[in-house]
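J.: Structure for the following, please:
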Amino acid sequence: MKKKLYVYIDPINIKFPGFSIIANRMVRYIPNCEIIDNLSKCNKSDWILPMGIVAGLNLLKEGGHCNTIFLVDALTLGFKSTIKFSWKYSSIFKKSCIFDVLRLIKYIPIERKIVEKYKKIIVVSSHDQKYLERKYKKANFYTVTNGVVLPSEDCIKEKQFGYTLGILHYWGCGALIEIDWFVKSYLPKLRLKYPQLKVIAAGRGADNTVKEYFDRNRIIFLGEVENLCDFFNSIDIYITTVRKECGILNKVLDAFAYKKIVLGLDHNMYPFSSIKDAYLTYHNYQECEDAIKYIANNSQEIRQKTLIAYRYVQEQHNWEKNIKLLEQIINNDYE
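T.: Below you'll find the predicted structure:
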């Protein structure tokens, strides 16, 4: 960049890894780039790339240039999918719909305003891009996917299958809701079917409430791990339980990179539809149980799947390559 680029993230979202990881990679690979969480740190005439719908709305209110926004996810798709998921599984979880319904009502007009005002809207998943294009009948949407850091070969260890499921997550801001439905509805039945089954969780942001939840539900919690090998080498299957279908799950990319088989909720894997042979999916309990059985009994086939997934992230999720694509999109606006 010839001129300084400010990546603006609001003070709340800047704490989330989904935003901060991408922004930090921008600083690393885009010359003359700085992250800010307050618009007072720059001028209206500066090059500003807002990240997220809140930052985009704030920039509009301040009268800044509305060229490109890195929306990250299609929020209305996220809220619609979590509402649908909550109502589908059990009346126990219907109360959790209320907050999502209210947020959906709030963000429908905001998202529409963002789409109308910004010349280019970037998201991290082609699934989100297709949704936005269908919804708004416009062609100003772009996909720039996240990258992944590949581990060294000697880091990845072969492990004898032991029915160990792994969950990696940022545990702040009510994240337990993303696994609670699984823990209450599926896990008891899985433990009856597979008495040796274990669940290992890891990640930062866990307070005492989260830790007590894990203890109460007999989930082994490793906390924040400095080396992801410590986590992935301790599990057999990386399982996803996230209710929303928007965005891209960075931890799935990590699992691919560490050659660990992924068992994902069907809608969590939409961004990876080009490599359907690289993972397994489920959308009900029986499919989850059957997939675990298949993984346990077909080690060679599972190894082939993990190799397909590894080659995929190696080719498609290179941080430097993808950030350079982002820089090109931005430069077309400003230069």
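J.: C-alpha from now on. contacts and neighbour counts both.
T.: Fine.
J.: and the residue lying farthest from the centre of the chain, helix, strand or coil?
T.: The centre of the chain is farthest from one residue, residue 45, which by CA atoms, centre = their mean lies 32.5 Å away. Three-state assignment for residue 45 (DSSP: H, G, I helix; E, B strand; the rest coil): coil.
J.: Can you verify my assumption that it contacts residue 63?
T.: No. Residue 45 lies out of contact with residue 63 (CA atoms under 8 Å); the separation is 9.6 Å.
J.: So residue 265 sits against residue 287, correct?
T.: No. If you go by CA under 8 Å, residue 265 and residue 287 don't touch, sitting 10.0 Å apart.
J.: and for the two, which residues touch both?
T.: residue 281 (CA atoms under 8 Å, 6 or more residues apart in numbering).
J.: before we move on, back to that, mind listing what the residue farthest from the centre of the chain touches?
T.: By CA under 8 Å, 6+ apart, the residues touching residue 45 are 64-65.
J.: Please report how far residue 111 lies from residue 74.
T.: 8 Å (CA to CA, to the nearest Å).
J.: between these two, who's got more neighbours?
T.: Counted by other CA atoms under 10 Å, residue 111 and residue 74 do not tie: residue 74 has more neighbours, with 23 against 20.
J.: Spatially nearest residue to the more buried one (excluding sequence neighbours)?
T.: Nearest residue to residue 74, sequence neighbours excluded (CA to CA, 6 or more residues apart in numbering): residue 128, at 5.7 Å.
J.: what about the one you found, how many neighbours?
T.: 27.
J.: Equivalent analysis for the one 4 residues further on, please.
T.: When neighbours are defined as other CA under 10 Å, residue 132 has 23 of them.
J.: do the same with residue 66
T.: Neighbourhood size, residue 66 [other CA under 10 Å]: 19.
J.: same deal with residue 99?
T.: With other CA under 10 Å as criterion, residue 99 counts 11.
J.: Mind telling me what element it is part of?
T.: helix 95-117 (DSSP states H and E).
J.: now the strands for the stretch 1-150 of the chain?
T.: Here the stretch 1-150 of the chain has its strands, by DSSP state E, counting those that start in this stretch, at 5-8, 33-36, 47-50, 68-72, 120-123, 141-143.
J.: for the helix holding residue 99, what is the average pLDDT?
T.: In this model, helix 95-117 carries a mean pLDDT of 91.
J.: now the strands for the stretch 201-335 of the chain?
T.: 220-221, 237-239, 261-265, 280-282.
J.: okay if I get these as CSV plus mean neighbour count?
T.: As requested, these are exported to CSV (neighbours: other CA atoms under 10 Å):
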stretch, mean neighbour count
strand 220-221, 17
strand 237-239, 24
strand 261-265, 24
strand 280-282, 20
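J.: Please produce TSV containing the ones you listed, extended by mean pLDDT and distance to residue 304.
T.: Formatted as TSV, the strands of the stretch 201-335 of the chain follow (pLDDT from 0 to 100; distance: least, CA to CA, whole Å):
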stretch	mean pLDDT	distance to residue 304
strand 220-221	98	29
strand 237-239	98	14
strand 261-265	97	10
strand 280-282	98	12
